[in-house]
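Q: Give the three-dimensional model of this entry:
(chains A and B)
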Protein chains: 2
Amino acid sequence: MNYFSSDFKLGILGGGQLGKMLLTETRKFDIQTFVLDPSDEAPCRMACNKFYKGNLMDYDTVYQFGKMVDVLTFEIELVNLEALLQLESEGLTIYPSPKTLQQIQNKGKQKDFYVENNIPTAPHQRFVDLNALKKALEIDELDFPFVWKCAQFGYDGNGVKVCRSAIDLVKLPDVECIAEQMVPFKNELAVIVVRAASGEVKTYPVVEMEFHPEANQVEYVICPARIDSRVAQKAIEIALKVSEAFDHVGLLAVEMFQTEDDEILVNEVAPRPHNSGHYSIEASYTSQFENHLRAILDLPLGNTDSKVAGIMVNLVGEEGFSGQVVYENIEKIMAIDGVTPHIYGKRETRPFRKMGHVTIVNENMVEARRIAEEVKNSIRVIS
Amino acid sequence: MNYFSSDFKLGILGGGQLGKMLLTETRKFDIQTFVLDPSDEAPCRMACNKFYKGNLMDYDTVYQFGKMVDVLTFEIELVNLEALLQLESEGLTIYPSPKTLQQIQNKGKQKDFYVENNIPTAPHQRFVDLNALKKALEIDELDFPFVWKCAQFGYDGNGVKVCRSAIDLVKLPDVECIAEQMVPFKNELAVIVVRAASGEVKTYPVVEMEFHPEANQVEYVICPARIDSRVAQKAIEIALKVSEAFDHVGLLAVEMFQTEDDEILVNEVAPRPHNSGHYSIEASYTSQFENHLRAILDLPLGNTDSKVAGIMVNLVGEEGFSGQVVYENIEKIMAIDGVTPHIYGKRETRPFRKMGHVTIVNENMVEARRIAEEVKNSIRVIS
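A: Model prediction:
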């Protein structure tokens, strides 16, 4: 297949920042792209060849969009699955496969999948609704504490709650859910696996999420993770096993816990470029976006090694600010060697809205970590 | 000035591949761009906020375009200078400055400038037309051999001819020109200087153009140049002197000769991102395009050091092929670690048309050079 400066068309469902960064790669290779997104102000509106405004959960919209392209992919999991299954049955190439998406969209199914495939994960129970969960508590089939997760449509920590007693149940929505055993862990890790249609597979180095000591929020994504090499090896082996079990094509970001006794438990996966791989744009020989593109087009995969240490800091809207965004002190951080801001292109900030990220690269990890803290303490997303 | 996701508008005259790669950076920072280019199929048509089709040499077109933007730059030197001078006199910020462009657009003036500023360059004589040159030969004020260069509108080796005897003059056009003394040199080098409006200045490492032993064409741009460190230091000092003499803001690519006795002579300059800096996208901490943008917007400059060795191979249309382009063996070279093709987005190939480039990065220069040769011998731009 001739993809380069040709009539070939790649369709992308979703036009957010992940799509935008993917478009940097399609532009580099001059591969035509069509993008579907519900928002007129989608970051992908520019730099794609054709932009269509439409509802990603609507069967007809997604189906008609799919009929216009040669290969279809998505940058968000919340898309109409039935349309994808129908398009695939009609012969359209869709990567990642709708079947994988089906197993991932529902966290209960996803967890069952790990159990069936002998992939280590925290023990869980599935419930059709909140009532069923409450009944399980009543009859002692479930005990506090546990982690409640809504089975579908959760995003970025929404739909997750630690439940220590009955009072924590009060505000939970009445939806299909799972209860997961709380496992004490010392690190949250991630491995990005890239697998091409040909079966060629590579992994990026293990990254570590460093949490704020009090706020319990991820502050830094650090590559490579500052962990024992045997633990890293184990994490990579498990991530590869997950990718293989899904027979996955494209990027698969595997989020994992390193328990206090150095076991690795899979938390969840994302079948697409992922926040934990943004560092790769500056630090890796081949960025996660380029490798995702290579994988879904069945091109040879690029080198996933790092040139230098990389740390990523998310830029989220500051609490108390809404409206036309201002990146306070952005010039100050740009004066530091190896610091690159990425601005996603959302004009309006809101508290906690993902507005961009900053990558810090350095030959020396200790220095990178010092600079990352300086960046984190300097830049503010306000209005 | 708030550039990021704001109403600020950067205007770019010219919509070719240099502009396209600059747009990758404006997208990364979400800075609004307007582009003017005569071609409907300009590589910049996508990924800018607004595209205007128009003649870059037309006074009114350039003037009206300039009135719509907050800062104006160009990615090609062949633009209407009078319009720029008028816009500047009306208060528009234009970088690089029209004055610099004025001195550079005419190679005779450019050479005079070096002489006036005590910058080493090969001796030259200026002629108003071909007849004047012929007269100088007749009266022995000029001797064979020399290098003839047309004074204006030359591009990529067009408008340059080595003249060894009267027969070489036959096909020369009757235009303003210079005759330059032939200086035997052992290396062609380049240094990219980036200078911000604030006066902050940085240089990229010296790069070396490696020529094909027979065809006398540049085959590889190699960073860092494989030269003595004292010669490299001298080249950098001279490049800085040139940038300062022009009081230049933005990127300035300074092309130089290393003579057989290790003198450095300035050949010519380009006041914009340059082919000799394309390697920087993959090899440097900050690409030449990002630093050009930082400089003209008076943002702090990024680190110009390299993470790894970089080599660039141009992709030009093969002789004997015209029409819808095919990049033969592109998949083969993409399978090699550290190889990144850039496809400019021109659908039609023609003999010698610049269609893209390939960057090879590696920790080890010898290995990079070996791979560059493999790339060069594999990929072909055909139809």
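Q: what about the biggest helix by length in chain A, average pLDDT?
A: If you go by DSSP state H, chain A has its longest helix at helix A:229-245. For helix A:229-245, mean pLDDT rounds to 97.
Q: Show me which residues of it are buried.
A: Neighbour-count burial for helix A:229-245, with 16 or more other Cβ atoms under 10 Å in any protein chain shown as criterion, is recorded at A:231-232, A:234-236, A:238-243, A:245. C-beta: built from backbone N, CA, C; applies to glycine.
Q: do stretch A:45-58 as well
A: A:45-49, A:51, A:56, A:58.
Q: Also stretch A:339-355?
A: Using 16+ other Cβ under 10 Å as the test for burial, stretch A:339-355 gives A:339-346, A:349-350, A:353-355.
Q: nearest to A:E319, of those residues?
A: Taking Cβ to Cβ as the measure, A:E319 lies nearest A:R350 of those, at 9.8 Å.
Q: So which bits of the stretch 151-300 of chain A are right by chain B?
A: A:285-286, A:290, A:294, A:299-300 (Cβ under 8 Å from any Cβ of the partner chain).
Q: give me the beta-bridge partners of A:V160?
A: On the basis of DSSP bridges, A:V160 is bridged to A:K149.
Q: got the angle for the next helix or strand after the longest helix of chain A vs helix A:229-245?
A: Using DSSP states H and E, the helix or strand that follows helix A:229-245 in sequence is strand A:250-259. Per axes from the mean of the first three to the mean of the last three Cα atoms, to 10 degrees, the angle that strand A:250-259 makes with helix A:229-245 is 140 degrees.
Q: in its sheet, what does strand A:250-259 sit against?
A: Applying DSSP bridges to the sheet, strand A:250-259 is found paired with strand A:185-195 (antiparallel), strand A:264-270 (antiparallel).
Q: Name the residues of the longest one that are buried.
A: Think strand A:185-195. By 16+ other Cβ under 10 Å, the buried positions in strand A:185-195 come out as A:185, A:187-195.
Q: Contact partners for the residue nearest the centre of chain A?
A: The structure's chain A has its C-alpha centroid closest to A:H274; by Cα atoms, centre = their mean the separation is 3.2 Å. Contact partners of A:H274, counting by Cβ atoms under 8 Å, 6 or more residues apart in numbering or on different chains, are A:190, A:192, A:251, A:253, A:288.
Q: closest to chain B among those residues?
A: A:Q288 (14.4 Å; Cβ to the nearest Cβ).
Q: For that closest one, which non-adjacent residue is closest in space?
A: Excluding its sequence neighbours, the residue lying closest to A:Q288 (Cβ to Cβ, 6 or more residues apart in numbering or on different chains) is A:G277, at 3.6 Å.
Q: now swap in A:V249 and tell me
A: What sits nearest to A:V249 in space, not counting adjacent residues and going by Cβ to Cβ, 6+ apart, is A:Y95, at 4.3 Å.
Q: quick one: the one you found from chain B, how far?
A: To chain B, A:Y95 is 17 Å away according to Cβ to the nearest Cβ, to the nearest Å.
Q: What of A:Q258?
A: 29 Å.
Q: list the helices and strands the longest helix of chain A packs on?
A: strand A:185-195, strand A:201-203, strand A:250-259, strand A:264-270 (3 or more Cβ pairs under 8 Å, 6 or more residues apart in numbering or on different chains; DSSP states H and E).
Q: got the contact list for A:N80?
A: Counting by Cβ under 8 Å, 6+ apart, A:N80 makes contact with A:56-59, A:61-63.
Q: what ranges of chain A fall below the confidence cut-off?
A: Applying pLDDT under 70 to chain A flags residues A:154-158.
Q: Mind doing that once more with 90?
A: A:1, A:77, A:105, A:152-159, A:171, A:211-218 (pLDDT under 90).
Q: Domains in it, by residue range?
A: By the assignment in automatic domain parsing, chain A contains the domains A:9-94, A:123-181, A:184-307, A:308-383.
Q: Need these in a markdown table (columns: distance to B:T24).
A: Converted to a markdown table, these look like this (distance: least, Cβ to Cβ, whole Å):
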| stretch | distance to B:T24 |
| --- | --- |
| domain A:9-94 | 6 |
| domain A:123-181 | 27 |
| domain A:184-307 | 11 |
| domain A:308-383 | 12 |
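Q: of these, which approaches B:L137 most closely?
A: Nearest to B:L137 among those is domain A:9-94 (48.0 Å), distances taken as Cβ to Cβ.
Q: okay, how far is it across that closest one, tip to tip?
A: With Cα to Cα, to the nearest Å as the measure, the first residue of domain A:9-94 is 12 Å from its last.
Q: where's that domain relative to the chain centroid, distance-wise?
A: 17 Å (Cα atoms, centre = their mean, to the nearest Å).
Q: Give the phi and psi angles for the nearest residue to A:S383 once chain neighbours are set aside, as a check.
A: Ranked by Cβ to Cβ, 6+ apart and with sequence neighbours excluded, the top spatial neighbour of A:S383 is A:G323, at 3.9 Å. With angles defined as degrees, to the nearest 10, A:G323 sits at phi 120, psi -170.
Q: just checking, A:G323 touches A:I382?
A: No. When contacts are counted by Cβ atoms under 8 Å, A:G323 is not listed as touching A:I382 (9.2 Å).
Q: tell me, what's touching these two both at once?
A: Joint contacts of A:G323 and A:I382 (Cβ under 8 Å, 6+ apart) are A:T349.
Q: same for whatever helix or strand A:F289 lives in, what does it pack against?
A: Per DSSP H and E, A:F289 falls inside helix A:288-296. Helix A:288-296 is packed against helix A:17-28, strand A:71-74, strand A:185-195, strand A:250-259, helix A:280-283, with contacts defined by 3+ Cβ pairs under 8 Å, 6+ apart.
Q: how about these, which one is nearest B:A309?
A: helix A:280-283 (16.9 Å).
Q: Residues touching the closest one, excluding its own?
A: Residues from elsewhere that reach helix A:280-283 (Cβ under 8 Å, 6+ apart): A:21, A:192, A:204, A:223, A:286-289, A:304, A:306-310, A:338, A:340, A:342, A:359, A:361.
Q: can you check stretch A:228-242 too?
A: Counting by Cβ under 8 Å, 6+ apart, A:114, A:117, A:119-120, A:189, A:191-193, A:201, A:203, A:205-206, A:224-225, A:248, A:252, A:254, A:256, A:258, A:262, A:264, A:266, A:269 sit against stretch A:228-242.
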